[in-house]
Structures are given as C-alpha cells and as structure tokens.
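# Coordinates for the following, if possible.
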Amino acid sequence: MIGICEWENPESEEYTKATGFPMVLWVDENQQANVSLLDKNEVPWENILKGEILDREEALNHPYKEEIFHITDHIFWEDKEIFYFLKTKLKETENTILNFIKNIKIDSLKY
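Modelled structure (predicted):
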C-alpha cells in the first residue's frame, strides 16, 4: 500500500489527512513490472492513522492516482532490491508449480 499525506500547514511536521492506495506489485515471466490497485478488503491493513484506505474504484478515480503510479515507477526502476525480491518470488512460485506438477501421479488422474 502507498499512502499519501496532506498538510494544512506546510510548516507543520504533523499531517492532517492520509489516503491509502492498496495495490499489488509483481514482475511477470517477461520481466515486465506490473501494478494493480486492489480493494481495501484485499490487504492486511484495516485502517491508517488520520485517514482512509480506498477501494479500487475510489483509487482509480482519485486525483492522486497519477502520482501513485509515478511512485510505483520509481519503486520498480530505482529500488533494485524490491525488483529483485519480486523476481525471486516469481521464480519461487514457478518452482512450486513445477514441483507440484512433477509429483502428480498420472494413474491417479481420472478423466
């Protein structure tokens, strides 16, 4: 989730409002970076301090939507640790699926 905070007074250290954009980031088998907004019930956080977590439709229509996707671009292209982590998760998932398929006994399948 990416959160955007707003300040009524730019000189203050304390923000007055926060908006949470729930999302998932992943790297696909073609090494393409992907981002998708989620509904708030699809993330583990129930609330955020001084604000709200948006549902997918609300996030898609929010005035900060472009800024959120701009932030995710920076995450993918400048934070190599996150990109590597997401690539590693893809490889682990592929290996889990391949191991599952290898262990299926053909004679136990019913057609």
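# ok, residue 46 - contacts?
Taking Cβ atoms under 8 Å, 6 or more residues apart in numbering as the criterion, residue 46 is in contact with residue 53. Glycine gets a C-beta too; all of them are placed from N, C-alpha and C.
# Let's see the pLDDT reported for it.
The score at residue 46 is 84. That number is its pLDDT.
# what does residue 17 give?
At residue 17, pLDDT is 85.
# For beta bridges, what are the partners of it?
Beta-bridge partners for residue 17, by DSSP bridges, are residue 6.
# what about stretch 6-26, how long is it end to end?
28 Å (Cα to Cα, to the nearest Å).
# Now stretch 55-69: buried residues?
For stretch 55-69, burial by neighbour count (16 or more other Cβ atoms under 10 Å) applies to 56, 58-59, 62, 64, 68.
# Which secondary structure state does the most centrally placed residue in the chain sit in?
The residue lying closest to the centre of the chain (Cα atoms, centre = their mean) is residue 24, at 2.1 Å. Under DSSP: H, G, I helix; E, B strand; the rest coil, residue 24 falls in the strand class.
# How about the one 5 residues further on?
With three-state DSSP as the basis, residue 29 sits in coil.
# Look at it and report its pLDDT.
Looking at residue 29, the pLDDT reads 78.
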